[in-house]
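> model the structure of this input:
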Amino acid sequence: MITWADRFRLRQYMKASLWIVPLLGLVLGVALAEAASSAENVSWLPKTWDYSASTATSVLSSVVGSMIALLGFVVTIGVLVIQQATGTLSPRYMRLWYRDRLQKAVLATFTGTFAFAYTLLRSIEADSVPNLGVTLAGAAVSLSLLLLLIYLNRFTHNLRPVAIADIVGRQGERVLHQAASQLRPVLLPDGSLPPAGQVVGIRADRGGVIQAVHAAGMIALAARHDCVLVLGASVGDFVPPGGTLVEVRGGTSVPDPRLVMGLVALGVERTIEQDPAFALRILVDIAIRALSPAVNDPTTAVQVLNHISSFLYAVGRVGVHSQYVLADDQGRPRLVLPARPWASYVELAVTEIRDYGATSVQVCRRLRALLEGLLAALPLQCEPSLRAQLTLLDEAVGRTFTDPLRRVNARTADSQGIGGLPTHPAPHDDSGS
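Presented below is the predicted three-dimensional model:
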């Protein structure tokens with residue numbers, strides 16, 4: 001039986017696949033070529049569309065050769081993108097790049113045009129030429145070249161770290177808002193779970209990262225057995241083989257473990273579908289790579305911090321909880337999903353950038369501006385985590401900059417790192433910390 005988890009993994013494979021859509025284009029090209037061949041004797045075609053057998057053969061042969069060359073060119077670009085992403089950006093970004101629809105449309109157009117022209121070649125005879133098909137092949141080549149130019153324009157602009165940070169940040173915010181609209185937690189009177197009763201652990205038969213959870217299916221399953229299902233880890237966490245995946249609390253009976261596991265998708269790495277923190281992870285990866293000694297580009301890290309600031313603002317405004325208790329139609333708690341609290345998002349966003357960028361004045365100044373800006377814009381419940389990170393930033397600056405004047409400079413908030421208008425100049429510091 002195909003479970004929800006199997007279907008989820010299949011959808012993930014299809015989204016990341018670079019051959020399925022081009023294969024569909026290949027099949028469509030053959031079908032259109034057959035249709036064009038059957039319409040070769042229609043009377044409404046203009047006389048300018050008449051071709052000799054030799055001309056049609058030359059045109060279609062040229063189309064076949066050019067499409068093969070363009071396919072090789074796009075593959076070469078893909079290899080360069082992979083090298084760029086894994087070398088200077090983040091390997092985690094590749095999961096998003098594989099899904100680019102424009103790239104798949106370009107490949108599908110090339111393979112479809114190739115199949116269309118190649119199929120028409122066999123229908124050419126001395127007294128029978130598919131005039132409509134030859135003209136359509138020329139139009140398909142024009143469309144292919146246009147898509148190629150759009151493809152080149154897009155990737156030459158989107159390969160910049162700041163452009164990728166913008167794309168990743170917006171995707172993360174979209175997932176965050178989707179999760180906020182779908183997960184409507186039940187507020188229990190005492191803030192705790194209902195009485196546990198018997199607790200039965202369902203263990204994972206194989207290890208993997210929790211990529212997604214079918215919350216509605218788990219709620220319905222728990223309602224049938226009158227129990228509460230508690231996920232053992234949050235989406236994005238790795239569950240080792242034999243680790244507790246789900247706890248079954250109370251109930252009249254224990255659900256079939258295979259049914260429960262079929263509602264939790266495990267995979268080899270995280271996905272962004274139900275894990276907005278994965279987008280933040282990619283942003284931080286890009287920033288700390290820019291701060292590595294091999295790259296040494298703190299300005300890129302400062303630009304990425306702009307998008308991290310926007311993402312954290314969205315998280316703070318949406319509001320996140322350490323766990324979500326979801327109920328059935330009768331309002332009875334049925335599913336408990338552990339989640340990342342606000343402090344976890346802030347720690348992920350700031351810690352590594354602070355550690356790797358502590359020697360950079362502009363990174364320290366931009367980090368301070370980020371934290372102080374969030375303090376001013378977000379609700380009071382977000383304040384403790386932000387102030388804790390400000391304290392850690394002060395300590396890092398104190399350890400790195402022993403000269404009082406440089407220490408004061410590094411502790412000044414600047415939205416551009418260096419060159420912007422200081423928002424909160426730091427007081428003169430004659431101490432050693």
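
> quick one: low-confidence ranges for the stretch 51-200 of the chain?
Flagging of the stretch 51-200 of the chain using pLDDT under 70 yields the residue ranges 183-197.

> tell me where it has helices.
Under the criterion DSSP state H, counting those that start in this stretch, helices of the stretch 51-200 of the chain are mapped to 53-88, 94-97, 101-121, 131-158, 161-182.

> how about the stretch 251-400 of the chain?
Listed in chain order, the helices of the stretch 251-400 of the chain (DSSP H, counting those that start in this stretch) span residues 257-261, 276-290, 298-318, 342-356, 361-377, 383-400.

> let me know which of these is tucked in deepest.
Taking mean count of other CB atoms under 10 Å as the contact definition, the stretch among those with the greatest mean neighbour count is helix 276-290, which reaches a mean of 24. Using the backbone N, CA and C atoms, a C-beta is placed for each residue, glycine as well.

> how much space between the residue lying farthest from the centre of the chain and L136?
Here the chain reaches farthest from its C-alpha mean at D127, the gap being 54.9 Å by CA atoms, centre = their mean. Distance from D127 to L136, counting by CB to CB, to the nearest Å: 21 Å.

> do the same with L28
Noted for L28: a distance of 13 Å to L136, by CB to CB.

> between those two, which one's more packed in?
Between L28 and L136, counted using other CB atoms under 10 Å, L136 has the larger neighbour count: 20 against 15.

> now that one: closest residue in space that isn't a chain neighbour?
Ranked by CB to CB, 6 or more residues apart in numbering and with sequence neighbours excluded, the top spatial neighbour of L136 is A36, at 5.9 Å.

> so the one you found touches V129, yeah?
No. Under the criterion of CB atoms under 8 Å, A36 is not in contact with V129, lying 11.4 Å apart.

> so which of the helices of the stretch 51-200 of the chain is nearest P255?
helix 161-182 (22.2 Å; CB to CB).

> which residues sit against that closest one?
The contact list for helix 161-182, computed with CB atoms under 8 Å, 6 or more residues apart in numbering, reads 88-89, 93, 96, 157-158, 215, 272-280, 282-283, 286, 290, 300, 303-304, 306-308, 310-311, 314-315, 318-319.

> now do 7 Å
Applying CB atoms under 7 Å, 6 or more residues apart in numbering, the external contacts of helix 161-182 come out as 89, 93, 96, 157-158, 272-274, 276, 279-280, 282-283, 286, 290, 300, 303-304, 307, 310-311, 314-315, 318.

> re the thing from before, do you know how far the residue nearest to L136 is from T111?
For A36 relative to T111 (CB to CB), the value is 17 Å.

> re the thing from before, what's the most buried one of the helices of the stretch 51-200 of the chain?
By mean neighbour count, with neighbours taken as mean count of other CB under 10 Å, helix 101-121 ranks first of these at a mean of 22.

> that one vs helix 131-158, what angle?
Here helix 101-121 points in a direction 160 degrees away from that of helix 131-158 (axes from the mean of the first three to the mean of the last three CA atoms, to 10 degrees).

> one step back: isn't the residue nearest to L136 right next to T135, touching?
No. Contact criterion CB atoms under 7 Å: A36 and T135 do not qualify, at 9.0 Å.

> common neighbours of those two, please.
Counting by CB under 7 Å, 6+ apart, no residue touches both A36 and T135.

> list the contacts of the nearest residue to V63 once chain neighbours are set aside.
Sequence neighbours aside, A117 is the residue nearest to V63 in space, at 3.9 Å (criterion: CB to CB, 6+ apart). With contact taken as CB under 7 Å, 6+ apart, A117 is in contact with 60, 63-64, 137.

> okay, those in TSV with distance to Q182 next?
Output for the contacts of A117, formatted as TSV (distance: CB to CB, whole Å):
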residue	distance to Q182
L60	51
V63	48
V64	49
A137	47
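
> what's the farthest-apart pair in those residues?
Of all pairs in the contacts of A117, the most separated under CB to CB is V64 and A137 at 9.3 Å.

> tell me how far stretch 50-66 lies from the chain's centre.
Once both centres are worked out by CA atoms, centre = their mean, to the nearest Å, stretch 50-66 turns out to sit 43 Å from its chain's centre.

> other residues contacting that stretch?
Residues outside stretch 50-66 that contact it (CB under 7 Å, 6+ apart) are 113-114, 117-118, 120-121, 124-126, 129, 131, 134, 137-138, 141.

> can I get that stretch as CSV, trimmed to CA atoms?
Extracted as CSV, the C-alpha positions of stretch 50-66 are listed here (Å, rounded to 0.1, in the frame of the first residue of the first chain):
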residue,chain,number,x,y,z
ASP,A,50,6.2,25.4,-49.3
TYR,A,51,9.6,23.7,-49.1
SER,A,52,11.5,21.4,-51.4
ALA,A,53,12.5,18.0,-50.0
SER,A,54,16.2,19.0,-49.9
THR,A,55,15.5,22.3,-48.1
ALA,A,56,13.2,20.7,-45.6
THR,A,57,15.8,18.0,-44.9
SER,A,58,18.5,20.6,-44.4
VAL,A,59,16.4,22.8,-42.1
LEU,A,60,15.3,19.9,-39.9
SER,A,61,18.8,18.4,-39.8
SER,A,62,20.1,21.8,-38.6
VAL,A,63,17.4,22.0,-36.0
VAL,A,64,18.3,18.5,-34.6
GLY,A,65,22.0,19.4,-34.4
SER,A,66,21.4,22.8,-32.8
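
> now do A349 against I68, distance only.
Between A349 and I68 the distance is 46 Å, computed by CB to CB.

> quick check: which of the helices of the stretch 251-400 of the chain is nearest to D100?
helix 276-290 (15.2 Å).

> ok, and what's touching the closest one?
Judged by CB under 7 Å, 6+ apart, the contacts made with helix 276-290 from elsewhere in the structure are 88-90, 92-93, 161, 164-165, 168-169, 171-172, 175-176, 179, 236, 270-272, 295, 297-298, 300-301, 304-305, 307-308, 311, 340, 345, 348-349, 352-353, 356.

> stretch 209-228 now?
If you take CB under 7 Å, 6+ apart as the criterion, stretch 209-228 is touched by 4, 8, 193-194, 229, 231, 233, 235-239, 248-255, 259-260, 263-271, 273-274, 326, 328, 333-337.

> give me the buried subset of these.
Buried members of the contacts of stretch 209-228, counted by 16 or more other CB atoms under 10 Å: 4, 8, 194, 229, 231, 233, 235-236, 239, 248-251, 255, 259-260, 263-267, 270-271, 273-274, 326, 328, 333-337.

> so which of those sit within strands?
Under the assignment DSSP state E, those contribute 229, 231, 239, 248-249, 264-267, 326, 333-337 to strands.

> out of the residues you listed, who's nearest L367?
The nearest one, if we look at those relative to L367 and count by CB to CB, is L337, at 31.3 Å.

> I'd say that closest one and L231 touch.
Yes. The pair L337 and L231 qualifies as a contact (CB under 7 Å) at a distance of 5.3 Å.
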